[in-house]
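>>> One predicted model, sequence on top.
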Amino acid sequence: MLLAKPYQVHRLKYFISPLKQLNLDRLLAKMWEEMGLVRVYTKPQGQQPDFTDPAVFSAGRGGCMVEDFCNHIHRNLVKDVKYVLVWGKSARHYPQHCGLSHILQDEDVVQVVKKKEREEGAKGRFKSHSTAPARISDRVKKAPLKT
(Lines give C-alpha, C1' and ligand atoms only; values in the text may rest on other atoms or scores of the structure.)
Protein backbone atom coordinates (compact mmCIF):
# COMPACT_ATOMS: atom_id res chain seq x y z
CA MET A 1 0.00 0.00 0.00
CA LEU A 2 1.42 3.37 -1.03
CA LEU A 3 0.92 6.43 1.13
CA ALA A 4 0.99 10.04 0.00
CA LYS A 5 3.14 11.03 2.98
CA PRO A 6 5.43 8.78 4.92
CA TYR A 7 3.76 7.79 8.17
CA GLN A 8 5.72 8.79 11.24
CA VAL A 9 5.09 7.60 14.74
CA HIS A 10 5.66 10.30 17.33
CA ARG A 11 6.75 8.82 20.60
CA LEU A 12 5.47 10.48 23.71
CA LYS A 13 8.13 11.54 26.16
CA TYR A 14 5.82 11.33 29.14
CA PHE A 15 3.40 8.84 30.60
CA ILE A 16 -0.36 9.29 30.68
CA SER A 17 -2.96 7.67 32.89
CA PRO A 18 -6.69 8.15 32.31
CA LEU A 19 -7.49 6.55 35.66
CA LYS A 20 -5.30 8.89 37.70
CA GLN A 21 -5.78 11.88 35.34
CA LEU A 22 -2.00 12.02 34.89
CA ASN A 23 -0.54 14.23 32.08
CA LEU A 24 -3.83 14.47 30.20
CA ASP A 25 -3.37 18.23 29.84
CA ARG A 26 -0.02 17.69 28.08
CA LEU A 27 -1.62 15.12 25.77
CA LEU A 28 -4.46 17.50 24.93
CA ALA A 29 -2.03 20.35 24.19
CA LYS A 30 0.02 18.05 21.93
CA MET A 31 -3.12 16.95 20.07
CA TRP A 32 -4.14 20.59 19.43
CA GLU A 33 -0.62 21.31 18.17
CA GLU A 34 -0.43 18.28 15.86
CA MET A 35 -3.89 18.88 14.37
CA GLY A 36 -3.12 22.55 13.71
CA LEU A 37 -6.24 23.82 15.46
CA VAL A 38 -6.64 27.46 16.49
CA ARG A 39 -8.95 28.64 19.30
CA VAL A 40 -10.24 32.21 18.96
CA TYR A 41 -12.21 33.85 21.78
CA THR A 42 -14.70 36.70 21.46
CA LYS A 43 -14.82 39.93 23.44
CA PRO A 44 -17.98 42.06 23.39
CA GLN A 45 -17.45 45.83 23.57
CA GLY A 46 -17.13 47.09 27.13
CA GLN A 47 -17.07 43.59 28.64
CA GLN A 48 -14.55 40.93 29.61
CA PRO A 49 -13.53 38.24 27.06
CA ASP A 50 -15.63 35.07 26.96
CA PHE A 51 -13.20 32.17 27.52
CA THR A 52 -15.93 29.51 27.82
CA ASP A 53 -16.84 28.93 24.17
CA PRO A 54 -14.06 29.48 21.59
CA ALA A 55 -14.43 29.43 17.82
CA VAL A 56 -12.15 26.64 16.53
CA PHE A 57 -10.42 26.87 13.14
CA SER A 58 -7.98 24.67 11.27
CA ALA A 59 -5.06 26.33 9.50
CA GLY A 60 -4.94 23.52 6.95
CA ARG A 61 -8.65 23.52 6.09
CA GLY A 62 -9.56 27.05 5.18
CA GLY A 63 -7.38 29.26 7.26
CA CYS A 64 -7.75 31.26 10.38
CA MET A 65 -7.97 34.87 9.25
CA VAL A 66 -10.21 37.54 10.75
CA GLU A 67 -12.47 37.24 7.69
CA ASP A 68 -12.99 33.51 8.41
CA PHE A 69 -13.76 34.35 12.05
CA CYS A 70 -16.40 36.92 11.00
CA ASN A 71 -17.98 34.44 8.56
CA HIS A 72 -18.10 31.88 11.37
CA ILE A 73 -20.09 34.26 13.58
CA HIS A 74 -22.47 35.49 10.83
CA ARG A 75 -22.15 35.54 7.06
CA ASN A 76 -23.20 39.22 6.76
CA LEU A 77 -20.81 40.43 9.46
CA VAL A 78 -17.91 40.82 6.99
CA LYS A 79 -19.78 43.62 5.18
CA ASP A 80 -20.37 45.56 8.41
CA VAL A 81 -16.85 45.34 9.90
CA LYS A 82 -15.17 48.70 10.47
CA TYR A 83 -12.08 47.28 12.19
CA VAL A 84 -11.08 44.51 14.57
CA LEU A 85 -9.15 44.66 17.86
CA VAL A 86 -6.93 41.64 18.57
CA TRP A 87 -5.20 40.55 21.80
CA GLY A 88 -2.89 37.52 21.86
CA LYS A 89 0.09 35.92 20.14
CA SER A 90 -0.65 37.38 16.72
CA ALA A 91 -0.84 40.98 17.98
CA ARG A 92 2.25 43.19 18.08
CA HIS A 93 0.77 45.32 20.87
CA TYR A 94 -2.43 45.12 22.93
CA PRO A 95 -4.93 45.73 21.46
CA GLN A 96 -3.84 45.73 17.83
CA HIS A 97 -6.11 47.48 15.34
CA CYS A 98 -6.49 44.98 12.44
CA GLY A 99 -8.30 44.41 9.18
CA LEU A 100 -9.92 41.32 7.67
CA SER A 101 -6.65 39.86 6.32
CA HIS A 102 -4.97 39.54 9.74
CA ILE A 103 -3.95 35.93 10.52
CA LEU A 104 -5.06 34.73 13.95
CA GLN A 105 -3.09 32.38 16.19
CA ASP A 106 -4.10 30.03 19.00
CA GLU A 107 -5.91 31.62 21.97
CA ASP A 108 -6.28 35.08 20.41
CA VAL A 109 -9.09 37.33 21.65
CA VAL A 110 -11.03 39.27 19.00
CA GLN A 111 -13.38 42.24 19.31
CA VAL A 112 -15.27 43.21 16.14
CA VAL A 113 -16.25 46.88 15.74
CA LYS A 114 -19.07 47.37 13.25
CA LYS A 115 -19.76 50.38 11.04
CA LYS A 116 -22.36 52.82 12.32
CA GLU A 117 -25.45 53.01 10.14
CA ARG A 118 -26.39 56.49 8.96
CA GLU A 119 -29.77 57.87 9.84
CA GLU A 120 -31.94 59.18 7.05
CA GLY A 121 -31.56 62.92 6.62
CA ALA A 122 -28.16 62.97 8.30
CA LYS A 123 -25.50 65.00 6.57
CA GLY A 124 -22.07 63.41 6.84
CA ARG A 125 -21.24 62.57 10.41
CA PHE A 126 -23.51 65.29 11.84
CA LYS A 127 -27.17 64.68 12.59
CA SER A 128 -29.65 67.16 11.18
CA HIS A 129 -32.14 67.93 13.97
CA SER A 130 -33.10 71.50 13.10
CA THR A 131 -35.74 72.58 10.63
CA ALA A 132 -33.73 75.65 9.58
CA PRO A 133 -32.96 76.19 5.89
CA ALA A 134 -29.75 74.63 4.65
CA ARG A 135 -28.34 77.84 3.11
CA ILE A 136 -27.97 81.27 4.68
CA SER A 137 -29.49 83.00 1.65
CA ASP A 138 -32.73 81.04 2.13
CA ARG A 139 -33.32 82.42 5.64
CA VAL A 140 -36.09 84.92 6.28
CA LYS A 141 -34.60 88.33 7.06
CA LYS A 142 -35.63 90.15 10.21
CA ALA A 143 -37.16 93.59 10.12
CA PRO A 144 -34.73 96.45 10.79
CA LEU A 145 -34.59 97.83 14.33
CA LYS A 146 -36.66 100.94 15.11
CA THR A 147 -34.92 103.60 17.19
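Structure's in. What do you need?

>>> quick one: secondary structure of Leu28?
Here Leu28 is helix, with the state taken from DSSP: H, G, I helix; E, B strand; the rest coil.

>>> ok, it to Cys64 distance?
19 Å (CB to CB, to the nearest Å). From N, CA and C alone the C-beta is placed, and that goes for glycine too.

>>> Compare neighbour counts for these two and give me the winner.
Cys64 (27 against 10; other CB atoms under 10 Å).

>>> Return the residues in contact with the more buried one.
Val38, Val40, Phe57, Ser58, Ile103, Leu104, Gln105 (CB atoms under 8 Å, 6 or more residues apart in numbering).

>>> Of these, select the buried ones using a PyMOL command.
Buried residues within the contacts of Cys64, by 16 or more other CB atoms under 10 Å, are selected in PyMOL with:
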select buried, resi 38+40+57+104
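
>>> Least confident of the contacts of Cys64?
For the contacts of Cys64, the model is least confident at Ser58; its pLDDT is 87.

>>> was I right about it contacting Arg39?
No - at 11.1 Å, Ser58 does not count as touching Arg39 under the criterion of CB atoms under 8 Å.

>>> hmm, back to that, output the contacts of Cys64 in TSV, with secondary structure appended to each entry.
Shown next, in TSV, are these (three-state DSSP):
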residue	secondary structure
Val38	strand
Val40	strand
Phe57	strand
Ser58	strand
Ile103	strand
Leu104	coil
Gln105	coil
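
>>> Turn the contacts of Cys64 into CSV, including distance to Pro95.
Below are the contacts of Cys64 laid out as CSV (distance: CB to CB, whole Å):
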residue, distance to Pro95
Val38, 18
Val40, 14
Phe57, 20
Ser58, 25
Ile103, 16
Leu104, 13
Gln105, 15
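
>>> now, among the contacts of Cys64, which is nearest to Lys82?
Leu104 (18.0 Å; CB to CB).

>>> what's the distance between the residue nearest to the closest one when sequence neighbours are not counted and Leu24?
Of all residues not flanking Leu104 in the chain, Cys64 sits nearest, at 4.8 Å (CB to CB, 6 or more residues apart in numbering). Separation of Cys64 from Leu24 (CB to CB) stands at 25 Å.
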